[in-house]
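1. Return a 3D structure for these sequence lines:
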Amino acid sequence: MLLVISSDLSVASENNRPIQVEVVITDQYPRYLAKGAPDENIELHPINIVNKGRYGAQVRFSGCTPDNTGKCKAQVLYILLDPQGHKRFSSGWLRLWYDRPPVPIGETRIGEEGMGGEIKGEPPGSWEVVAVVRDQVSGLVSTNIASFAVPAPLLSAGHVGASHCHVDESVLFTCRSGPKQISVCASTDALRKTGYLAYRFGRPSQRPEIDFPSSGTNPATVFSYFASSYAKGGTELLQFSIGEFTYQVFSEHHAFDWNGSGVVVNRGKKRVAYFLCNEKSLINNLHQLKFMGLPNEEFTDFVDHEPAK
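-> Just a heads-up that it's a prediction; the model follows:
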């Protein structure tokens, strides 16, 4: 992203310093500090994932240049960028800190006006809020960027055909492999890092032969996730271990190489079991795992996922 700042905003005395700026994404409505209201700081609740679409953005700042009356005059411009870097919204110039005394040295304040909205039916991925702060007394400009993830909606088990997921769970992965059903299920709060993941394997409509891990287990202690992508393909892996056996739920999709999804089980370097999905039965939401904060590449063993030759 390239921000072009007009030259009239950059002229300043060598003795002046730009305002120090931090954008904070929250689940709160944008704050508006009325003129003459107390200027004490307020508590913000930062978030990294916007699950219900609504978000707020505020600027936490320190430093501003007073005029000859001892008051600061500073403005902020908010810009919302979608995952492709396209501008979706611009707030226009709002008040950051206007006709107020400078913030005491060593302290920060929340700007007078924030920006917020609701994202519905938009592409999932990493969105960004850019804040451009203009100190009207010194002429100096500061910028800061904060990002937040908009996850794609997960399919509930109630809208999926055969799976081992319960009706109050979401389906991250499911497919048939011969007579068996492979499923990775998530609680509805899993993307907020407070829920659970479960790998289940067995015949459809029967109690799973494997239901891992035990109830109440923190997913980050037993699962790792790795994903790589390029213009013509990508790989996704969910890995965990049961005893001496390493399991990988995988999805490989490449324009000029092998494609397939399923589960491979290894003991050390030796493959001991392999279950390839019937692609027509496959539902794959493994990409959602990137929002869960699971251990990644460093904790993942890279094994062969292709069928035995």
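2. Low-confidence regions, the stretch 51-200 of the chain specifically.
-> 51-52, 121, 152-161, 191-193 (pLDDT under 70).
3. per-residue confidence for Tyr235?
-> Not Tyr; residue 235 is Thr. Per-residue confidence (pLDDT) for Thr235: 90.
4. That one: helix or strand, and which one exactly?
-> strand 233-242 (DSSP states H and E).
5. That strand: what's the following helix or strand?
-> strand 245-254.
6. so after that following strand, what's the next helix or strand?
-> Counting by DSSP H and E, what follows strand 245-254 is strand 260-267.
7. With adjacent residues omitted, what lies nearest to the residue nearest the centre of the chain?
-> The chain has Ala149 as the residue nearest its centroid, 3.1 Å off, counting by CA atoms, centre = their mean. The shortest distance from Ala149 to any non-neighbouring residue, by CB to CB, 6 or more residues apart in numbering, is to Ile49 (4.8 Å). C-beta: built from backbone N, CA, C; applies to glycine.
8. With Ala186 as the reference, measure out to the one you found.
-> 14 Å (CB to CB, to the nearest Å).
9. With neighbour numbers in mind, choose between the two.
-> Higher neighbour count among Ile49 and Ala186: Ala186, with 23 against 17, using other CB atoms under 10 Å.
10. tell me which element the more buried one falls in.
-> Taking DSSP H and E as the definition, one finds Ala186 inside strand 180-187.
11. what's the angle from that strand to strand 233-242?
-> Here the directions of strand 180-187 and strand 233-242 differ by 90 degrees (axes from the mean of the first three to the mean of the last three CA atoms, to 10 degrees).
12. helices or strands next to strand 180-187 in the packing?
-> strand 169-177, strand 197-202 (3 or more CB pairs under 8 Å, 6 or more residues apart in numbering; DSSP states H and E).
13. residues making contact with the shortest one?
-> Spelled out, that is strand 197-202. For strand 197-202, the external contacting residues (CB atoms under 8 Å, 6 or more residues apart in numbering) are 164-165, 169, 172, 180-186, 190, 208-213, 219, 223, 238, 240, 247, 249, 263, 275, 292.
14. can we see that at 6 Å?
-> 164, 182-186, 208-212, 219, 223 (CB atoms under 6 Å, 6 or more residues apart in numbering).
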